[in-house]
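# Below is the structure, and that's it, no one-letter string:
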C-alpha cells in the first residue's frame, strides 16, 4: 500500500456523498400532502414551489425558442420572495414578461441564458439597476452542455403536451429541449416538474420516461408557443430573389451542396421558394438540397411537394405545420403516433457535424466579415446560429462539398464547412449594413462584457452574398485580400467605397469575387414572380390544405 | 394564386409519402408469427433478422467503445447471404471478429464507422481485397449526426441490460450511444431491435421508452463489455510523473482550469493521481479540476475521495466502477435506481462546449504539432478525441481560462479552448515521437483517403508538454515561431535538433517555452512515490473496497 494515507486508513470521518439525494428526499416529502402520486394540483402550484425550492437554487426554466413553460413561470413569479429568493435561473430564451418580474421581485438574482429577443431591453435595464446578474450569455447547446458540468439544475420546470399518472411525458412535435434539461436534472438528484396541457390514461407515445420526472401539473391553459419560423412570402423582395439566385448558382450548384441548414429570414425563405422554379430550371433537383437540419419552415413546402427534399430533422416544430408534417412521414422524423419528434440538441449536433452548409442573414457586418444582430441598447444573446455558423474543427469525415474548400496543397490539410452570410448592403432606412465597427463592440463595452458579442466570426465565413455579388472569402490570400473581396461586393457603403476597380477586376478573374453576370444570373429575371409561392395562401395550396397558418398570417 | 402549378393543381398523381411506414409495417408483419408481443425468441433470431432485413439496408449495429450488441452481431453473421446481402453498416467501433465476417461473407458491403482499434488490420485488408467499401471514417458524434441527416438507419441493432414486456429498456450504467441510435431509427420509421440480458416485470428505471422500440430479444449471454478506461498505476513512469507535474503547474494552476476532460492514457492517469499529493501541496484543491467530462477512470478515485471533484459526467461507464459510482451520487450522474446514467452524445456536447481544457497523449507529432495515433498498415479511425481536442469556434460564453488565451488586442476577439498534447519525445524502442512526417500521411495515401487521417490538428493545439518542458504554442507569433517553440521541447529528436539555443533562451524569456526550472518543478521530486496510488490494489483501498477491478487487473 502507498504511504499516502487514504481517508479510510487515516480514520478520518467519512465524508457525506449523498447530500443531493437526501436534500431531494426532504423536499419531496414536504409536498407529499399536496400530491396525488406524481400529480400536483393546479390550484396549489405556488405553494408547491415554495416547498420544493430553496433560496439560491439553480432553476432551469424551460423557455425555448418556441415552447414556454408559462404556467410554471407565472406560478414561480407568485411565490413569496421572503421565502424563495436569489434563484439562479437557467433559461434558453428570456421571452416572457414574468421571466423578468422574477428579478424585479428578488425571487431570482442571477441568470445564464442564450437569447433574450423580446425582453432584451428590459434585461439591459435590470442589469444596469443591479437587479440582475448575468452569469454568461451562451448559445443554446452551450447552456445545455454546462448543465452536465458546472450548472446542473436543482429544479427543472419544463413543459409537455400530455402526461399519464406515472409521469411519462408526451411532448408531441415540440420535443425541443425538454429531454436534455430533464436528463441533466433528473440524473443529478434534481427535481423535475412538468406542466402539461392534459393528463391522460394512455399516451400517444412516450417522449420522456416517468422515471425521470418527479411531478406533473395540469396547466391552467395550454403552454404558450410562438410561430417564429414562419415567413410570409409576400414580404420577399426582388433583391432577395436576386441574392437567392446567386446563392443557388454560385454556391449550392458549384459545390453540390446536398446537406444543409438555413437560418431564418426572408433571404433564405427566398432560396427555399426558388428551388422548385429557378433551381429546377438549372436541372438541380436531386443534386442539391436533399437533407436538411431545419425547423419546419412553411416556405420549404413547395420544395418538399416538388420532390426535392429527402429528409428534414428539426430543432423544434412550427405552429400550423403539424398536420402537414404528419402527412409527410418519409420526410420528417415522426413517432408512431404520427406527430413529429424534434430535438434541439440532436439537430444542433446534426447541423454542426452532419451538414456541409450553413447560410443565414445578418443585419450588420464589418470589413473582416464579422457580424452580429446585436443592436445598441439590447442584449439579445446568441440563440443557435453560432453553432451552425462556424467551421466545426472537430469534424473529420470528408464530403465533396467540404473537401472542395481546401485551397492549400500540403500533406496535412482539412476541409471546411460552407458558412455563408447573406447581407443587403443597406438596411431599411438607408443605414449601411457594412460598417467599420459593429454595434456589438459598443454594446459589449457598455454592458461590461469581457469580449464583444459577435454572432458569426469573419474567419469562419467562407462566402458573403450581397445584392452586388458573392465574395469567395475562403479563396482570398491574407486578411488584406479578404477585405478587398468583401469591399468589392459592399456597394456604396463606406466599406464598399474602398474597393478599387482594377483590383476588383483581378479578384473576379481569379474567382474570388463574382458578380451576377459572372454567374450567369440575370438581374432582369430576378422578380418575385419567380418564387414558387408568393403568399401564405399559396403555401396552404401547395400543402393541399394541410398547412394551417396561425390567424395572424391569414389575410385572405 | 401563383402561376407556378402545384402538383395538386396540375392534377399530377399525388406522390407517396409513407413508403417507409408501409415498408416497416410489411416487415413487422413478416415476423409476427415469431414474436410474443415485442419479444422475439432467442433461438430464432437469425430467422427473424432474415425476415426483418432487406438487401442494401442501412443497419446501425451498436458496437460502442465498450458495450457491444454481440448477440445481434453474431446472429447477423449467421443470416443467409443469399437473402441478406450488401448491407450498409453504421458502427461506432469495429471491434469484434464477426463485424468483419459480415464483409467476408457479403452480408455487408459498405461501412461508415468511427473507430476500428483491434480490427484495424483486417479492415485495411478487406478494403484492399475489395470486400469492403468505406463510406467515411468519422468521430463518434459525427456518425450519430449523420444518422439524422443522410445516414438514417433502416434497422438498429442495439443492446441494453433489461427490458420489460412493453419494450421499455434499462441500460444501467452503460447508457452510452443507445438512446441516440434508437432515436434516429425509431422516428424515421426504422426498426429497433434490442438485445437484453434479462426480461423483467418491472425495470429499475426506464432509459429508453418502449414506444421507441419494436423488438427485444434475450441474448444467449450477457453483452460483451471492455474495461477500456482502466490504467494500472503500476505502469506509470517517473517521466510521466514529471510531465504531470509540469501540466499541473504550468497549465492547470496558471489558467485556473476548473472544468476539463482527460483523454485516456498513463500520462493523464498520472495527473489524476498527482492531484491529491502534488496538487494539494500547491494549495490547488478546490481551485482546479472540479467539474469533469470523463469516463469513470479508476485513477480518479483518490482525487474524488480527497474531495477535489464536484461532478463527473460520463460518456460511458467502466467495468468494476459500478458500486463505487452508486455510492458517490453527489459526484456522478445516477438514476433513481442508483446506477449511473451515461450518454456519449451529451458528454461529448459537454466536453466540447462546457469545459475549458482537453488534455491527451499522442504517439506521434510533426513539427507543426499535428498528431495522430494512426500507424502504418492500420485504419484505426478517430473515436472521440477530435471532438474534445479542437477549439470549438461555435462557443460564445466566456470563462476566465478561455479568455486567458486571448493574445490579440483588437475590438473583435475570442477566447480559446486549452487543447494540450502530452508526448514523450521518444516512444518505446527508441523511435522518435516528434517526426517530420506523420505515418498518418502515408496511411491516408495508401488507403486512398482524400486527406490524411489527422487526430488532432496542430492549429487547434494550445500547449505541448514533453518531458523537456512546455511549448505555449498559442503565444507564438507565426508558424515559424511555433515550430521553434515546439523544437525547444523536442529533445534530441530530429525536430528537437533544429532548436537553436539562443532562440530558445528568448522564447523562455517571453514565456513561450518553459522548462521544469522555469515552472518551479524539480525533476528530482518527480518519482512514482508522489502518486496517490501506485497499483490497482491502492485504488481499491482508496475506494473503501467499492471499486472491483476486473480479474485481469488483479495481481495481489
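Thanks, I have the structure now. All of these numbers come straight from a predicted model, not from anything done at the bench.

# Which residue is the nearest non-sequential neighbour of the residue positioned nearest the centre of chain A?
Central residue of chain A (Cα atoms, centre = their mean): residue A:384, 3.2 Å from the mean position. Using Cβ to Cβ, 6 or more residues apart in numbering or on different chains and skipping the chain neighbours, the partner closest in space to residue A:384 is residue A:140 (4.9 Å). C-beta here means a position set from N, CA and C on the backbone, and glycine is covered the same way.

# before we move on, what about residue A:507?
Nearest non-adjacent residue to residue A:507 (Cβ to Cβ, 6+ apart): residue A:513, at 4.2 Å.

# Using the three-state scheme, assign residue A:216.
strand (DSSP: H, G, I helix; E, B strand; the rest coil).

# next structured bit after the helix or strand of chain A with the lowest mean pLDDT?
Lowest by mean pLDDT, DSSP states H and E among the helices and strands of chain A is helix A:7-10, with a mean of 48. Going down the chain from helix A:7-10, the next helix or strand is helix A:19-30, by DSSP states H and E.

# Under the pLDDT cut-off, which ranges of the stretch 251-400 of chain A? List them.
A:377-378 (pLDDT under 70).

# tell me the strands in it, going along the chain?
A:259-262, A:291-293, A:311-313, A:357-361, A:365-366 (DSSP state E, counting those that start in this stretch).

# which residues are in contact with the second one?
Contacts made with strand A:291-293 from outside it, assessed by Cβ atoms under 8 Å, 6 or more residues apart in numbering or on different chains, are listed as A:258-262, A:300, A:309-313, A:315, A:347, A:350-351, A:354-355, A:388, B:148-150.

# try 10 Å
For strand A:291-293, contacts defined as Cβ atoms under 10 Å, 6 or more residues apart in numbering or on different chains pick out A:258-262, A:272, A:300, A:303-304, A:308-315, A:331-332, A:346-356, A:358, A:388, B:145-146, B:148-152.

# What about those, which are in helices?
Mapping those onto helices (DSSP state H) picks out A:272, A:303-304, A:346-349, A:388, B:145-146.

# Would you reformat those residues as CSV and include distance to residue A:211?
Formatted as CSV, the ones in helices among the contacts of strand A:291-293 follow (distance: Cβ to Cβ, whole Å):
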residue, distance to residue A:211
A:272, 41
A:303, 41
A:304, 37
A:346, 21
A:347, 25
A:348, 26
A:349, 25
A:388, 33
B:145, 28
B:146, 30
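
# Among these, which one lies nearest to residue A:547?
residue A:304 (10.7 Å; Cβ to Cβ).

# dump the residue contacts of the residue nearest to that closest one when sequence neighbours are not counted.
With sequence-adjacent residues excluded and distances taken as Cβ to Cβ, 6+ apart, residue A:304 is closest to residue A:331, at 5.9 Å. Neighbouring residues of residue A:331 by Cβ under 10 Å, 6+ apart: A:292, A:296, A:300, A:304, A:309-312, A:324-325, B:17, B:20, B:188.

# Now do the end-to-end distance for stretch A:58-66.
Start-to-end span of stretch A:58-66 (Cα to Cα, to the nearest Å) is 22 Å.

# Where do the strands of the stretch 451-556 of chain A begin and end?
Going by DSSP E, counting those that start in this stretch, the stretch 451-556 of chain A shows strands at A:463-465, A:470-471, A:513-514.

# and these, which is most packed in?
strand A:470-471 (a mean of 29; mean count of other Cβ atoms under 10 Å in any protein chain shown).

# Can you get me the centre-to-centre distance for it and its chain?
Averaging C-alpha positions (Cα atoms, centre = their mean, to the nearest Å) puts strand A:470-471 26 Å from its chain's average.

# Partner strands of that strand, with direction?
Looking at strand A:470-471 with DSSP bridges, its partner strands are strand A:463-465 (antiparallel), strand A:513-514 (antiparallel).

# Could you export the ones you listed as a markdown table, including distance to residue B:124?
As requested, those are exported to a markdown table (distance: least, Cβ to Cβ, whole Å):
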| stretch | distance to residue B:124 |
| --- | --- |
| strand A:463-465 | 38 |
| strand A:513-514 | 43 |
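
# which one of the ones you listed lies closest to residue A:408?
Minimum separation from residue A:408 across those (Cβ to Cβ) falls at strand A:463-465, 18.0 Å.

# and residue A:199, what are its bridge partners?
Beta-bridge pairing for residue A:199 (DSSP bridges): residue A:163.

# For it, report the pLDDT, please.
At residue A:199, the model reports a pLDDT of 98.

# hmm, back to that, buried ones among the contacts of strand A:291-293?
Among the contacts of strand A:291-293, those classed as buried by 16 or more other Cβ atoms under 10 Å in any protein chain shown are A:258-262, A:272, A:300, A:303-304, A:308-315, A:331-332, A:346-356, A:358, A:388, B:145-146, B:148-152.

# got the residue ranges for the helices in the stretch 301-450 of chain A?
Secondary structure of the stretch 301-450 of chain A, counting by DSSP state H, counting those that start in this stretch: helices at A:301-305, A:322-326, A:344-349, A:385-388, A:400-403, A:439-446.

# between the ones you listed, which one is nearest to residue A:537?
Between the helices of the stretch 301-450 of chain A, helix A:301-305 lies closest to residue A:537; by Cβ to Cβ that is 12.1 Å.

# what helices or strands is the closest one leaning on?
helix A:266-274, helix A:322-326, helix A:536-542, helix B:7-10 (3 or more Cβ pairs under 10 Å, 6 or more residues apart in numbering or on different chains; DSSP states H and E).

# re earlier: among the contacts of residue A:331, which two are most distant?
The distance between the two most remote of those (Cβ to Cβ) is 19.0 Å, for A:300 and B:20.

# What residues of stretch A:47-54 count as buried?
Neighbour-count burial for stretch A:47-54 flags A:47-53 (criterion: 16+ other Cβ under 10 Å).

# Now do the end-to-end distance for stretch A:336-348.
End-to-end distance for stretch A:336-348: 23 Å, by Cα to Cα.

# actually stretch A:253-262, not the one I typed
End-to-end span of stretch A:253-262 (Cα to Cα): 16 Å.

# again, but for stretch A:323-339
So stretch A:323-339: terminal residues 8 Å apart, Cα to Cα.

# One more: stretch A:374-394?
End-to-end distance for stretch A:374-394: 28 Å, by Cα to Cα.

# where's that stretch relative to the chain centroid, distance-wise?
That offset, for stretch A:374-394, works out to 9 Å (Cα atoms, centre = their mean).

# ok, now stretch A:416-432?
That offset, for stretch A:416-432, works out to 19 Å (Cα atoms, centre = their mean).

# Ok, stretch A:413-422 next?
On Cα atoms, centre = their mean, the centre of stretch A:413-422 falls 19 Å from the chain's centre.

# Redo the helices of the stretch 301-450 of chain A as a markdown table? Include distance to residue A:467.
Below are the helices of the stretch 301-450 of chain A laid out as a markdown table (distance: least, Cβ to Cβ, whole Å):
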| stretch | distance to residue A:467 |
| --- | --- |
| helix A:301-305 | 23 |
| helix A:322-326 | 32 |
| helix A:344-349 | 30 |
| helix A:385-388 | 22 |
| helix A:400-403 | 25 |
| helix A:439-446 | 22 |
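
# Ok, which of those comes nearest residue A:93?
It is, among these and with distance given as Cβ to Cβ, helix A:344-349, at 11.2 Å.

# what residues go with each domain of chain A?
Listed by automatic domain parsing, the domain ranges of chain A are A:21-225, A:233-539.
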